[in-house]
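Enquirer: give me coordinates for this.
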Amino acid sequence: NTRVAKPPTMPITASDGSAKFAKARADLDDLIKRRFFYRQAFEIYGGVAGFYTYGPPGSAVKQNLIDMWRKHFVIEENLMEVDDTNIMPHDVLLTSGHVERFNDFIVKDSSDANKFYRADKLLEDVMDQRMAEKGVSVEFVTELTKVKAQADAYSREELIEVFKKYKIVAPETGAELTEPQEFNLMFATPIGPSGNLMGYLRPETAQGIFLNFKFCLEQNANQMPFGIAQVGKAFRNEIAPRSGLIRQREFTQAEIEFFVHPELKAHAKFADISALELQLFGHPQQLAAEPPIFMTLGEAVAKGIVANETLAFFIARCYTFLVRAGCLPDHIRFRQHLPDEMAHYACDCWDAEIEMSLGWVECVGIADRSAYDLTVHSKATGSSLTAQRDLPEPLIVTKFGITKKAIAKMGKAYKKDAKRVSAYFAGLASDELKALSEEAKAKGKVSVSIDGDTFEVAAELLECEQTTEKQHVEVYTPNVIEPSFGIDRILTAIYEHTFYIRDATEAAEKGKAKPGVLRFPAEIAPYKVNILPLDARVIPNYAALLVELRNDLALHGLPYKVDESGAGIGRRYARADELGIPYGITIDFDTLGIDPNGEARTDPDGLKLKGTATLRERDSTEQIRLPLCDIP
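Expert: The predicted structure follows:
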């Protein structure tokens, strides 16, 4: 029931699609900069790598994409939403693992300390270059493809060996590279004037969701499963930011944390998406340098390729969102993380990769983060980050614990520290508690360390007993399925997938400027309508009508643009096409019921056409005439 993806050219990650997008990229870059969709931030000061400013049309497209995301996920999936801070204290990110593990490997040019590179990306680039060389055997291409697939999964020692094996040197000077070193990607900042409290700009929006899980669960009447979403800025001090919006130091994320029972990961709406066939690039295909396969999500879950129904459901929802936003279906695939590549918190992860001029680019990560985050934050703070459910049948549970009499004695013995001491022993596994109890009996007492303080505990305080009870409620730490969307990367894909040159051959033959078009879905277009007077003679006569039309469009929530410039109507249509405006309303003499001299028309045709206008559709360029009042 599976089929192999269309045979790609070698290497797999640079298929015909990326070549097609790359061919148009220079024209697209010119349009984006000229029409100020976005450009480098602080440009008049020379700019800083990894920072970009969205202009008016770019800001509108981005906000419309986020609004679409909210409708597609928050509203349709009935998610909750939070808005947490951009700055987080050190302890939060130490607990989450980011302080110790949120690193990339950096290598430096040994002849120039100011030239440095992200090791895995440099390795990927070199593999691409070697594969593109003439006379390279199929076997060697397969070998290089495997290396590239594992580039960001290599350990420091493995990177050293790979760099030596393939004689990788500094690309600009040819000098030797230093050995890879870990570089933490978080921006550190002191909080408050004393400088004693260290914080970081958040590297992801997810942690703010986990910290507020308890309160959102309460607002959801303690009902599981449920999801929490957050849209906001994240910050990563990238070693070598490049490729425009693809790798920035400040970027926008849209993340969902969907909380489920660890053993109940079926999804109520799985049947709705189980027949959806997607391009899946699993472990076996990557490690064997084979192309992806097409498979339905129902089959993928049944075969254990995708871990569970909830993960598969969000893979499907991610795909339908990307297509709805303007990404081309044939250029979307889902790549499974290799075991050594997965984030420290994940037990299964798939990336939605979109093919662009740069090749296949990760734009969405969909991970099963297990119970990692809630567990570590609960342990660090002592807060209960759990959920509970009524059991269909009561369980008979055998417990081993300290007797009530011994706990009462602890209160007298340790006074203000009694709660800490009793909580420590309550948190021990049965075998650990039993071993300590037996040791205390043998020695008369035991010493334990709790949060850096040492306590001596007498044997009588560790008197234990085994009890049996019926359990009607299960308390558990939820697992979480996390779809994480890189909004700026998705925007890059949308720009590339919707851009084309209209009548490119004719323009080249006549030496004219290439008429670029952005074929945005109307839902994300920066303006929905362009209002154009046919020529300058119309402008003095349509002020009242224009006010009425503006008000009507605004009332319907339709952003619009008015182009009263002296350029010809064709040129103004082309300018609107560059902005991706789906519709144009042309106001002419017939609309106003006058002739070109400004005289009122009383003939039957003139009276019939008065109050009508031409509506032009961007992609087909077809035009129809209809009453103005019917257009909004």
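
Enquirer: so where's this structure shaky on pLDDT?
Expert: Within the chain, the stretches falling below the threshold (pLDDT under 70) are 1-17, 344-345, 504-513.

Enquirer: for it, what's the longest strand?
Expert: Among the segments of the chain that qualify as a strand by DSSP state E, the longest is strand 387-402.

Enquirer: please point out which parts of whichever helix or strand comes after that one sit buried.
Expert: The first helix or strand that comes after strand 387-402 along the chain, using DSSP states H and E, is helix 404-414. With burial defined by 16 or more other C-beta atoms under 10 Å, the residues of helix 404-414 counted as buried are 406-407, 409-410, 413-414. (Each C-beta comes from the backbone N, C-alpha and C, glycine too.)

Enquirer: output those residues in TSV, with distance to Gly516 appended to each entry.
Expert: Putting those into TSV (distance: C-beta to C-beta, whole Å) gives the following:
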residue	distance to Gly516
Ala406	79
Ile407	75
Lys409	81
Met410	76
Ala413	80
Tyr414	75
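
Enquirer: among the residues you listed, which one sits closest to Val48?
Expert: Closest to Val48 out of the buried residues of helix 404-414 is Tyr414 (56.0 Å), distances taken as C-beta to C-beta.

Enquirer: the closest one and Pro180, how far apart?
Expert: With distances defined as C-beta to C-beta, to the nearest Å, the gap from Tyr414 to Pro180 amounts to 50 Å.

Enquirer: next, give phi and psi for Pro241.
Expert: Geometry field for Pro241 lists phi and psi as phi -60, psi 140, criterion degrees, to the nearest 10.

Enquirer: which residue, neighbours along the chain excluded, lies closest to it?
Expert: By the measure of C-beta to C-beta, 6 or more residues apart in numbering, the closest residue to Pro241 outside its immediate chain neighbours is Gly50, 3.2 Å from it.

Enquirer: what about that neighbour, which helix or strand?
Expert: Under the criterion DSSP H and E, no helix or strand holds Gly50.

Enquirer: which strands or helices does the longest strand of the chain pack on?
Expert: Packed against strand 387-402 by the contact rule (3 or more C-beta pairs under 8 Å, 6 or more residues apart in numbering; DSSP states H and E) you find helix 418-426, helix 430-443, strand 464-476.

Enquirer: the same query, at a cut-off of 10 Å, please.
Expert: Packing contacts for strand 387-402, counted by 3 or more C-beta pairs under 10 Å, 6 or more residues apart in numbering; DSSP states H and E, involve helix 213-219, helix 404-414, helix 418-426, helix 430-443, strand 464-476.

Enquirer: show me which positions of the host helix or strand of Ile32 end up buried.
Expert: Taking DSSP H and E as the criterion, Ile32 maps to helix 16-34. Along helix 16-34, these residues count as buried under the neighbour rule (16+ other C-beta under 10 Å): 17-18, 21, 24-25, 27-28, 31-32.

Enquirer: out of those residues, which is nearest to Leu549?
Expert: Top of the list for closeness to Leu549, among these and by C-beta to C-beta, is Leu31 at 27.9 Å.

Enquirer: Provide a list of residues in contact with the closest one.
Expert: The neighbourhood of Leu31, defined by C-beta atoms under 10 Å, 6 or more residues apart in numbering, consists of 24, 37, 495, 499, 501, 514, 516-518, 578-579.

Enquirer: before we move on, what about Ala113?
Expert: Contact criterion C-beta under 10 Å, 6+ apart gives Thr178 as the residues in contact with Ala113.

Enquirer: would you agree it falls within a strand?
Expert: Yes - using DSSP: H, G, I helix; E, B strand; the rest coil, the secondary structure at Ala113 is a strand.

Enquirer: right, and the helices and strands packed on strand 387-402 - which one's nearest Phe334?
Expert: With distances scored as C-beta to C-beta, the stretch of the helices and strands packed on strand 387-402 nearest to Phe334 is helix 213-219 (27.1 Å).

Enquirer: quick check: angle from the very next helix or strand once past that closest one to strand 387-402?
Expert: Scanning forward in sequence from helix 213-219, with DSSP H and E defining helices and strands, the next element found is strand 226-235. Angular relation of strand 226-235 and strand 387-402 on a 0 to 180 degree scale: 90 degrees, by axes from the mean of the first three to the mean of the last three C-alpha atoms, to 10 degrees.

Enquirer: sheet partners, orientation included, of strand 226-235?
Expert: Strand 226-235 has these partner strands in its sheet, going by DSSP bridges: strand 80-81 (parallel), strand 250-260 (antiparallel).

Enquirer: contacting residues around the shortest one?
Expert: Taking contacts as C-beta under 10 Å, 6+ apart, the residues outside strand 80-81 that touch it are 70, 73-74, 209, 212, 216-217, 219-220, 226-231, 256-257.

Enquirer: isn't Gln150 up against Glu143?
Expert: No - here Gln150 lies out of contact with Glu143, judged by C-beta atoms under 10 Å, at a distance of 11.5 Å.

Enquirer: what touches both of these two?
Expert: Taking C-beta under 10 Å, 6+ apart as the contact rule, Gln150 and Glu143 have no neighbour in common.

Enquirer: helices along the stretch 451-600 of the chain, start to end?
Expert: According to DSSP state H, counting those that start in this stretch, the stretch 451-600 of the chain carries its helices in the segments 487-498, 504-510, 543-555, 569-578, 589-592.

Enquirer: in a markdown table: the ones you listed, plus distance to Ser447.
Expert: Supplementary listing: these in a markdown table, determined by distance: least, C-beta to C-beta, whole Å:
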| stretch | distance to Ser447 |
| --- | --- |
| helix 487-498 | 54 |
| helix 504-510 | 81 |
| helix 543-555 | 74 |
| helix 569-578 | 75 |
| helix 589-592 | 92 |
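
Enquirer: how about those, which one is nearest Gly58?
Expert: For those, the distance to Gly58 is smallest for helix 487-498, at 8.0 Å, taking C-beta to C-beta.

Enquirer: ok, back up a step: of the contacts of Leu31, grab the buried ones for PyMOL.
Expert: Written as a PyMOL command, the selection of buried residues from the contacts of Leu31, which uses 16+ other C-beta under 10 Å, is:
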select buried, resi 24+37+495+499+501+516+517+518+578+579
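
Enquirer: much appreciated, bye for now.
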